[in-house]
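>>> I'll drop the sequence and a predicted model, then ask my questions.
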Amino acid sequence: MPQAMLPIFPYGVTHINSILAFQKNESGQVVYFNGTMPLFTHDEKDRGSFKMITAQFCVSGTAKQVEIARAFGVKTISVKRAVKLYREEGPRSFFTPQNRRGAAILTVEVLKQAQALLNENFTPAEAAKHLSIKPNTFSKAIKAGKLQVAKKKI
């Protein structure tokens, strides 16, 4: 006959449900407990580990998505997204860098052409008009340091 485990937790934990709890300690670590046994630990600022472990709890049936949302004060849609990501791509997906979109308008070739025009003493507005680029996009590139404006000689 299997023996039932009493739900005994360490002092000061926050309950997620009747079998799962968590606690933030003084050193900035979040520790998840099943009874008195610690399950997982991560830094409180580590969003990837938080999303991964809470999604794992949901996928394994240890906790419901709504219980995670209530216990941590996060939106249910963010928990659902994490669970979907965990199911589709696994735990590794929470730690891979996100793909960012590259420059759509100011490609390397366009930047070279723009810099050549600026070197020929075109004003930024004239160079933008010549290349059919919005002046705002051109000025942002100058502010970001992607383009250098030639200083006027006195």
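Nice, thanks for sending it over. Residues are numbered from 1 along each chain as shown.

>>> now the helices: where do they sit in this structure?
Using DSSP state H, the helices of the chain run over residues 47-60, 65-72, 76-89, 108-119, 124-130, 135-143.

>>> hey, which of the ones you listed is tucked in deepest?
Of the helices of the chain, the one with the most neighbours on average (mean count of other Cβ atoms under 10 Å) is helix 47-60, at a mean of 19. From N, CA and C alone the C-beta is placed, and that goes for glycine too.

>>> can you give me the angle it makes with helix 76-89?
Interaxial angle of helix 47-60 relative to helix 76-89 (axes from the mean of the first three to the mean of the last three Cα atoms, to 10 degrees): 80 degrees.

>>> From G48, how far out is Q29?
15 Å (Cβ to Cβ, to the nearest Å).

>>> Kindly report the same for L85.
For L85 relative to G48 (Cβ to Cβ), the value is 11 Å.

>>> what sits in contact with each of the two?
Shared contacts of L85 and G48, defined by Cβ atoms under 8 Å, 6 or more residues apart in numbering, are found at F94.

>>> rewinding a little: I'd like the helices of the chain laid out as JSON lines, including mean pLDDT and distance to V13.
Shown next, in JSON lines, are those (pLDDT from 0 to 100; distance: least, Cβ to Cβ, whole Å):
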{"stretch": "helix 47-60", "mean pLDDT": "97", "distance to V13": "15"}
{"stretch": "helix 65-72", "mean pLDDT": "96", "distance to V13": "11"}
{"stretch": "helix 76-89", "mean pLDDT": "97", "distance to V13": "20"}
{"stretch": "helix 108-119", "mean pLDDT": "90", "distance to V13": "54"}
{"stretch": "helix 124-130", "mean pLDDT": "89", "distance to V13": "59"}
{"stretch": "helix 135-143", "mean pLDDT": "87", "distance to V13": "49"}
